[in-house]
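**Q** Please find the sequence and the predicted model below.
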Amino acid sequence: MLSRRLLLGSAGAAVISGAASAQANYPNRPIRLICPYPAGGATDVLTRILADGLRERLGQAVVVENRSGAGGNIGVDAVAKSVADGYVLGTAPVGNFVINPFLYRDMPYDPARDLTAVSLAFEVPNVAVVAGKFVPAKSMGEFLTWARAKPGGVVYGTSGVGTSAHLCSELLFKRAGVPCTHV
């Protein structure tokens, strides 16, 4: 059985679908759950946990299909353009609905028109980590002080351009007056 914690445990990704029509004997065949990111990442792992819960609750196979690329747009577009019968669902973080429309000139889908949020499914927090071997900081304050004094600023990496981790990092560094380069 799906727990409230699994379905509503956090905010960050939603289960989405095209507009599905009601069916008396749903589901009577396997459900595709599209993850718009590569296997092994946070969204994929949480999608697979969700799939297991859905499989148990619905008594039907739920097959996770990774359709990565273009900042998640390929997978979300596959959900948006699927037959609206409730047998294709997807998971996607908030960026696919809020950030990507501003990053991509030609979005293949319109989040408001082409998708329906079914459930808030999970949250993936942004966490700042540094290599203690190379950065003499034990707190965010110490890190920012060190980063401001570092000639040329800092180079940092995230899961990708336009992700919440990338945008939050840019905002942090801008507000703290730290020159930075995203890789």
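**A** All right, it came through fine.

**Q** what about Thr91, helix or strand, and which?
**A** Assigned by DSSP states H and E, Thr91 falls within strand 88-93.

**Q** Report all helices and strands that that strand contacts.
**A** strand 13-17, strand 31-35, helix 42-58, helix 73-80, strand 116-122 (3 or more CB pairs under 8 Å, 6 or more residues apart in numbering; DSSP states H and E). Backbone N, C-alpha and C define where each C-beta goes, glycine included.

**Q** got the ones you listed as JSON lines, with mean neighbour count columns?
**A** Output for the helices and strands packed on strand 88-93, formatted as JSON lines (neighbours: other CB atoms under 10 Å):
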{"stretch": "strand 13-17", "mean neighbour count": "23"}
{"stretch": "strand 31-35", "mean neighbour count": "22"}
{"stretch": "helix 42-58", "mean neighbour count": "18"}
{"stretch": "helix 73-80", "mean neighbour count": "22"}
{"stretch": "strand 116-122", "mean neighbour count": "18"}
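
**Q** Let's have those in TSV, adding mean pLDDT and distance to Trp146.
**A** Below are the helices and strands packed on strand 88-93 laid out as TSV (pLDDT from 0 to 100; distance: least, CB to CB, whole Å):
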stretch	mean pLDDT	distance to Trp146
strand 13-17	64	33
strand 31-35	97	37
helix 42-58	95	28
helix 73-80	95	37
strand 116-122	87	33
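
**Q** quick revisit: contacts for the helix or strand just after the strand holding Thr91?
**A** As assigned by DSSP H and E, the chain's next helix or strand after strand 88-93 is helix 95-98. In this structure, residues lying in contact with helix 95-98 by CB atoms under 8 Å, 6 or more residues apart in numbering are Ala14, Pro36, Gly71, Gly72, Asn73, Val76, Pro111, Leu115, Gly162, Thr163, Ser164.
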